[in-house]
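Q: This is a predicted model, with the sequence first.
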Amino acid sequence: MALPVSFELKNAVVGIAGLGGLGSNVAAALVRLGVGKLILADFDVVEESNLNRQNYFADQIGMHKVDATLTNLRRINSQIQLQGHKIRLTAETIPEVFKDCQVIAECFDRADQKQMIVETVLSKIAGVVIVTVSGLAGYGRSNDIITQRISERLILVGDTVSGTGPGVPLTAPRVGIAACHQANAIAEILLNEKCQRKKTG
Amino acid sequence: MSAKLKINGQNKIFEGGLPETLGKLLDDLAINQATVVAEIDGCIIERKDFARTPLKEGQTIELIRFVGGG
């Protein structure tokens, strides 16, 4: 039995850039929340080393993350509208892939790639909000991970300092906390702000 | 002559005057330009324009520095 979902969520289109620890978990949270359509992009395949924090299963090793995510999300809700792109996102491809979205979740791993997509979305896609993450590596310090509204179209999640490095791994709990901050920020935007659908023609 | 900028919510006084450009400010702060997003008064400044974006007294600057992990 389907639970009642608000009009704003059912009609929302959200982009997820990268389907690793953040993206695979943000996607699942948004489907459970009742977001109507997700546009997903990643070029990578599932590896054994991903299973400690990413929302995949051992029998999906070797699959494209896009294909594995589509399968997993449809197992949660077969009615969800999904669009998958098996591509490497660049400053050239991002505006086209995500042109119909109201909000985009930045779910990349590398710092320079995070910079690239935030700059691209803010300068090339009018009216779209981006929810980005900086600082989620390691264990503990749950309450250091926060959500900050930097400006009208930019929301920043994380503790802003904990990058990955020797002895500072990415772990399921802390990555999961950041992913749920992202999903929760997206819910807040969709429900509290009248996100105008962009006119594409 | 001193001048003021608001950087990430904090007022910063420059006793010898402002750095000429956003790129110079980032260099002075030892910030890697490849991993920072900059907004001046709410407007995004693209990385390619950092070196030719002049700074003005009283501007509000947000510098979002990225670390790896996702």
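A: Here it is on my side, so go on. The structure displayed is predicted, hence computed values, not measured ones. Numbering: from 1, shown residues only, chains lettered A, B, ... in the order given.
Q: And the helices in chain B?
A: Using DSSP state H, the helices of chain B run over B:22-28.
Q: And for the closest residue to A:T93 other than its chain neighbours, the neighbour number?
A: Nearest non-adjacent residue to A:T93, counting by C-beta to C-beta, 6 or more residues apart in numbering or on different chains: A:I87, 6.1 Å away. C-beta here means a position set from N, CA and C on the backbone, and glycine is covered the same way. Using other C-beta atoms under 10 Å in any protein chain shown, A:I87 has 13 other residues around it.
Q: Repeat that for A:F57.
A: Neighbour count for A:F57, taken as other C-beta under 10 Å: 13.
Q: which ones are touching B:E20?
A: Taking C-beta atoms under 8 Å, 6 or more residues apart in numbering or on different chains, we find B:E20 in contact with B:P54, B:L55.
Q: about what we covered before: quick one: pLDDT of the residue nearest to A:T93?
A: For A:I87, the model assigns a pLDDT of 97.
Q: That one touches A:F43, doesn't it?
A: Yes. Using C-beta atoms under 8 Å, A:I87 is in contact with A:F43, at 5.9 Å.
Q: Kindly list the main-chain dihedrals of the residue nearest to A:T93?
A: When read as degrees, to the nearest 10, the backbone of A:I87 gives phi -140, psi 160.
Q: ok, it - contacts?
A: By C-beta under 8 Å, 6+ apart, A:I87 lies in contact with A:A41, A:F43, A:T93, A:V97.
Q: Need the pLDDT of the last one.
A: Looking at A:V97, its pLDDT reads 98.
Q: try the first one
A: Reading off the confidence values, A:A41 has pLDDT 98.
Q: gap between it and chain B?
A: Going from A:A41 to chain B by C-beta to the nearest C-beta, to the nearest Å gives 14 Å.
Q: and that residue, what does it touch?
A: A:15-19, A:66, A:84-87, A:89, A:97-98.
Q: now swap in the last one and tell me
A: Counting by C-beta under 8 Å, 6+ apart, A:V97 makes contact with A:G15, A:I39, A:A41, A:H85, A:I87, A:L89.
Q: Please enumerate the strands of the chain.
A: Assuming you mean chain A. Under the criterion DSSP state E, strands of chain A are mapped to A:13-17, A:37-41, A:81-85, A:103-106, A:129-133, A:146-151, A:154-158.
Q: Chain B was what I was after
A: According to DSSP E, the strands that chain B contains are B:3-7, B:10-14, B:36-40, B:43-45, B:60-65.
Q: which other residues reach the fourth one?
A: Which is strand B:43-45. A:E119, A:L122, A:S123, B:L22, B:V37, B:A38, B:E39, B:T53.
Q: What residues does chain B have near chain A?
A: Along chain B, the residues adjacent to chain A under the rule C-beta under 8 Å from any C-beta of the partner chain are B:34-37, B:39, B:42, B:44, B:46-47, B:62, B:64-70.
Q: I'd like the contacts of strand B:43-45 laid out as a markdown table, including pLDDT, distance to A:N55 and neighbour count.
A: Below are the contacts of strand B:43-45 laid out as a markdown table (pLDDT from 0 to 100; distance: C-beta to C-beta, whole Å; neighbours: other C-beta atoms under 10 Å in any protein chain shown):
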| residue | pLDDT | distance to A:N55 | neighbour count |
| --- | --- | --- | --- |
| A:E119 | 98 | 28 | 22 |
| A:L122 | 97 | 28 | 22 |
| A:S123 | 97 | 31 | 17 |
| B:L22 | 98 | 39 | 23 |
| B:V37 | 98 | 27 | 27 |
| B:A38 | 98 | 33 | 25 |
| B:E39 | 97 | 32 | 18 |
| B:T53 | 98 | 40 | 16 |
